[in-house]
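Visitor: sequence-free structure coming up:
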Ligand code: SAM
Ligand code: SF4
């Protein structure tokens, strides 16, 4: 359906868990108090919401988290959602640690695309950022993934790795991001850099301005704008001659794309969010768990109402206006 600004809302991200097997400094550092499982929606409840949302025009689902693959039954859930009438595409965003283990199950479930988050290829720095020495497992998963005919994207939050490395006594090449870009050389993998957003612990990090980053990239590579459609998202893509994959920039702060925003987000606790920046939205869990006999009607009305009131644009540029106080691992990115 369309929102009040005529934007077609057809994409829903679902954080299926707020648990994670990593502790990224900007998302879920150590010491987080966990939500009790009974507060988290069951897969049946999530699928119920998807079935109502699909009747309102949601066609594409992103399964995210926390780390979606730590929740037992994730692949069965994907299969369940793939079978819902009107749902055309289900993709997943994962940190890749458990991907090798679940690869066949994901393919069998009919997954349409896999995003793997890797911020650096420096083993020590990866450990510093994520809290775990797991880069080897992630790269192994990535290698296995290239044997399958499935769209693969890398998500790398733009951190000044050189600066961050020197603050932590780790020797990192000034242009470490070039190593990530090399992942697009031999394989058809899109490497996307994401501007750090001031949500939750992301507020403790400086956002690298992607306008500046793009200038740096243009000094290092001959970039050609890539107009082909890669996904549902807001990335602006570039091609480099001789590289199989493209390079994408997702620049929520310095390349605002709210005019074409097509998404809503369901948190693991069943709150339907309409913009990352604000707390606006609606608690669908209380409807799902109520005694109402007309739950489907109530859910549809609530989802419609939330979409109609989707904010025009985020105000990340003005910290005082950010009303979202949930952390990214609850929202799903
Ligand atoms: N655990 C999975 C993963 O890491 O891909 C899925 C959940 S994670 C919250 C989804 C994406 O959000 C990841 O690519 C992560 O790097 C990104 N992310 C987390 N905090 C962020 C922030 N403050 N700004 C921008 N991206 C962020
Ligand atoms: Fe976990 Fe993903 Fe957040 Fe890292 S970004 S802590 S992997 S949910």
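Guide: Noted; the coordinates are in hand. Bear in mind that the values here come from a model prediction, so they are computed numbers and not experimental data. Ligands and ions are numbered 1, 2, ... in the order given.

Visitor: residue 139: neighbouring residues, count only.
Guide: 17 (other CB atoms under 10 Å). Using the backbone N, CA and C atoms, a C-beta is placed for each residue, glycine as well.

Visitor: counting by contacts, list what the helix or strand harbouring it packs against.
Guide: In the assignment (DSSP states H and E), residue 139 maps to helix 135-145. If contacts are counted by 3 or more CB pairs under 8 Å, 6 or more residues apart in numbering; DSSP states H and E, helix 135-145 sits against helix 99-109, strand 113-117, helix 123-130, strand 152-157.

Visitor: what pairs with the shortest one, and is each one parallel or antiparallel?
Guide: By that I understand strand 113-117. When pairing is defined by DSSP bridges, strand 113-117 lines up against strand 89-94 (parallel), strand 152-157 (parallel).

Visitor: now do the first one, average pLDDT.
Guide: When you say that, I think you mean strand 89-94. In this model, strand 89-94 carries a mean pLDDT of 98.

Visitor: contacting residues around that strand?
Guide: With contacts defined as CB atoms under 8 Å, 6 or more residues apart in numbering, strand 89-94 is touched by 59-65, 67-69, 78, 81-82, 106, 110-117, 151, 155, 231-232, 332-333.

Visitor: of those, buried ones?
Guide: The neighbour-count test (16 or more other CB atoms under 10 Å) applied to the contacts of strand 89-94 identifies 59-65, 67-69, 78, 81-82, 106, 111-117, 151, 155, 231-232, 332-333 as buried.

Visitor: the residues you listed also near ligand 1: which ones?
Guide: By CB under 6 Å from any ligand atom, the members of the buried ones among the contacts of strand 89-94 lying near ligand 1 are 64-65, 67, 117, 155, 332-333.

Visitor: residue 239: which of these is nearest?
Guide: The shortest gap between residue 239 and any of those belongs to residue 155, at 18.7 Å (CB to CB).

Visitor: what sits against the nearest residue to that closest one once chain neighbours are set aside?
Guide: In space, and not counting its chain neighbours, residue 155 is closest to residue 117: 4.5 Å by CB to CB, 6 or more residues apart in numbering. By CB under 8 Å, 6+ apart, the residues touching residue 117 are 93-96, 154-157.

Visitor: how about a cut-off of 7 Å?
Guide: Contacts for residue 117 (CB atoms under 7 Å, 6 or more residues apart in numbering) come out as 93, 95, 155.

Visitor: isn't residue 168 right up against residue 128?
Guide: Yes: in this structure, residue 168 is within contact of residue 128 by CB atoms under 7 Å, at 5.1 Å.

Visitor: these two: which is more packed in?
Guide: Legend: neighbour count by other CB under 10 Å for residue 168 and residue 128, higher for residue 128 (17 against 13).

Visitor: separation between that one and residue 172?
Guide: The gap separating residue 128 from residue 172 is 10 Å, by CB to CB, to the nearest Å.

Visitor: could you list the low-confidence segments of the protein?
Guide: Flagging of the chain using pLDDT under 70 yields the residue ranges 232.

Visitor: which residues in it form helices?
Guide: In the chain, the helices defined using DSSP state H lie at 43-55, 74-82, 99-109, 123-130, 135-145, 161-167, 177-181, 183-186, 210-220, 284-288, 295-308, 328-331.

Visitor: now the fifth one: buried residues?
Guide: In this case it means helix 135-145. So helix 135-145, judged by 16+ other CB under 10 Å, has buried residues 135, 137-139, 141-142, 145.

Visitor: what is the nearest of those residues to ligand 2?
Guide: Of all these, ligand 2 sits closest to residue 138, with 10.0 Å by CB to the nearest ligand atom.

Visitor: residue contacts, the closest one?
Guide: So residue 138 contacts 95-97, 116, 118 (CB under 7 Å, 6+ apart).

Visitor: before we move on, what about residue 99?
Guide: Taking CB under 7 Å, 6+ apart as the criterion, residue 99 is in contact with 69, 116, 141, 145.

Visitor: those also near ligand 2: which ones?
Guide: Okay, of the contacts of residue 99, nothing touches ligand 2 (CB under 6 Å from any ligand atom).

Visitor: want to throw the residues you listed into a markdown table with distance to residue 213?
Guide: What follows is these, written out as a markdown table (distance: CB to CB, whole Å):
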| residue | distance to residue 213 |
| --- | --- |
| 69 | 30 |
| 116 | 21 |
| 141 | 27 |
| 145 | 26 |
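
Visitor: near ligand 2, which residues of this protein?
Guide: Residues of the chain that fall close to ligand 2, judged by CB under 6 Å from any ligand atom: 20, 22-24, 27-28, 65-67, 95, 117, 329.
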